[in-house]
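**Student:** Provide a 3D model corresponding to the input given below.
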Amino acid sequence: MSGRRSLLRAITDQILATTRDMGAELVLIDLPTGKHVEARGWKQLFTVDYCASRGLRCVALRPWVQGEVAAGETFRTGLRHWDEAGHALVARGVAEALQRQGILDCKTEGSVQTCKIG
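**Tutor:** From the prediction side, this is the model:
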């Protein structure tokens, strides 16, 4: 395992331990940026492998991001920096993914949406 991956694993293990100590559940979200939208990078592979090895729920947004880009959406104004519309789009994608996995339970009344952890 490379030095970067070892360091990332150690940091993520500490985050997981702290999260569990607080009685919370850690859910990792793979959100590709920049050149990693099209090509799978080592960080995405790390996230998937880490979730599987630790029994965590993991949300992979790469296919969703790719579909939005193909439909003409723009996420960023510069290298790895999202513009305001990009942030709103990503927030919607994360919320939809969390709802599909039953992690987030949302209800809409009129124009107001409220969500709670499932």
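**Student:** pLDDT weak spots in this protein?
**Tutor:** 1, 33-44, 76-80 (pLDDT under 70).
**Student:** and the next helix or strand past the lengthiest helix in it?
**Tutor:** The residue-count maximum for a helix in the chain (DSSP state H) belongs to helix 3-21. Sequence order places strand 27-30 as the next helix or strand after helix 3-21, per DSSP states H and E.
**Student:** follow-up on the earlier one: how far off centre is the longest helix of the chain?
**Tutor:** A distance of 16 Å separates the centroid of the chain from that of helix 3-21, by CA atoms, centre = their mean, to the nearest Å.
**Student:** just checking, what packs against it?
**Tutor:** Using 3 or more CB pairs under 8 Å, 6 or more residues apart in numbering; DSSP states H and E, the elements in contact with helix 3-21 are helix 42-54. For the C-beta atoms, the positions are set from N, CA and C on the backbone; glycine is no exception.
**Student:** which neighbouring elements make contact with the helix it packs on?
**Tutor:** Partner elements for helix 42-54 (3+ CB pairs under 8 Å, 6+ apart): helix 3-21, strand 27-30, strand 57-60.
**Student:** so who does residue 68 touch?
**Tutor:** For residue 68, the contacting residues are 75, 89, 93, by CB atoms under 8 Å, 6 or more residues apart in numbering.
**Student:** give me the phi and psi for it.
**Tutor:** Per-residue torsions, residue 68: phi -70, psi -40 (degrees, to the nearest 10).
**Student:** would you point out which residue is most central in the chain?
**Tutor:** residue 29 (2.2 Å; CA atoms, centre = their mean).
**Student:** ok, it - contacts?
**Tutor:** With CB under 8 Å, 6+ apart, residue 29 has these contacts: 58-59, 61, 94, 97.
**Student:** likewise residue 31?
**Tutor:** 61, 65, 90, 94.
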